[in-house]
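[1] need a structure here:
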Amino acid sequence: MTDMSNAARITSSLNQVENDTGRVAFCGPFVLSAITGYPISRVEDEIKTMRSAYGGDCDTVKGTYTEEVARTLAVFGFGMELKSSFMHLERKARPSVWTWMQKPRNAWSHYILAIHKGKEGHWILIKGVKLCDTYTGGKWQFVCDGPHRGARIMEIFEVKKKVEFS
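    Presented below is the predicted three-dimensional model:
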């Protein structure tokens, strides 16, 4: 288990991503950093620790699987729940990010969306009407001004802080 003595403070504000790696970071660590408030190097260390435990690649975190994102969030005290999956639909039949933004949802929750970006999958993070990912450089911007309005959604996950009672 990881030492959590220097845990990030949870606030109502949106965490800016700190890329302290000195290189380009990928979407999974960006989204996790924006949720947890930890720098990308700390998030990537957790992913690498999990990968090494399962005999996986531990060099650079380029892509992340849903299970890796969920496990990393759990280490930092968050839970991730699948809210919608559109994998059973053809790509063109899946809702766009903009279409989904028109539907009711919890404005206080973080939502991780798995979207299509070209031939690849891509993680984006939405809270309220703002979006954060690698394309925004880790800064929060309005979805209506963002680069992914027309992107098709594969899956939607709701992220919440786990509440512990003693």
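
[2] Any buried residues in the helix or strand containing residue 80, and which?
    Assigned by DSSP states H and E, residue 80 belongs to strand 78-85. Buried residues in strand 78-85, counted by 16 or more other CB atoms under 10 Å: 78, 80. C-beta here means a position set from N, CA and C on the backbone, and glycine is covered the same way.

[3] chain center to it, what's the gap?
    How far strand 78-85 lies from its chain's middle: 11 Å, per CA atoms, centre = their mean, to the nearest Å.

[4] likewise stretch 44-60?
    18 Å.

[5] can you pull the buried residues of that stretch?
    For stretch 44-60, burial by neighbour count (16+ other CB under 10 Å) applies to 44-48, 50-51.

[6] Not counting its own residues, what contacts the strand holding residue 80?
    35-36, 69-70, 73-74, 111-112, 153-162 (CB atoms under 8 Å, 6 or more residues apart in numbering).

[7] one more time with 7 Å, if that's ok
    35, 69-70, 73, 112, 155-162 (CB atoms under 7 Å, 6 or more residues apart in numbering).

[8] same check, this time on stretch 28-41
    8-9, 15, 17-21, 25, 43-44, 61, 64, 69, 72-73, 76, 78, 110, 112, 123, 125, 132-134, 138, 159.

[9] how close does the nearest residue to residue 28 once chain neighbours are set aside sit to residue 36?
    Distances taken as CB to CB, 6 or more residues apart in numbering put residue 64 closest to residue 28, at 3.1 Å, once the chain neighbours are dropped. Look at residue 64 and residue 36: by CB to CB, to the nearest Å, they are 14 Å apart.
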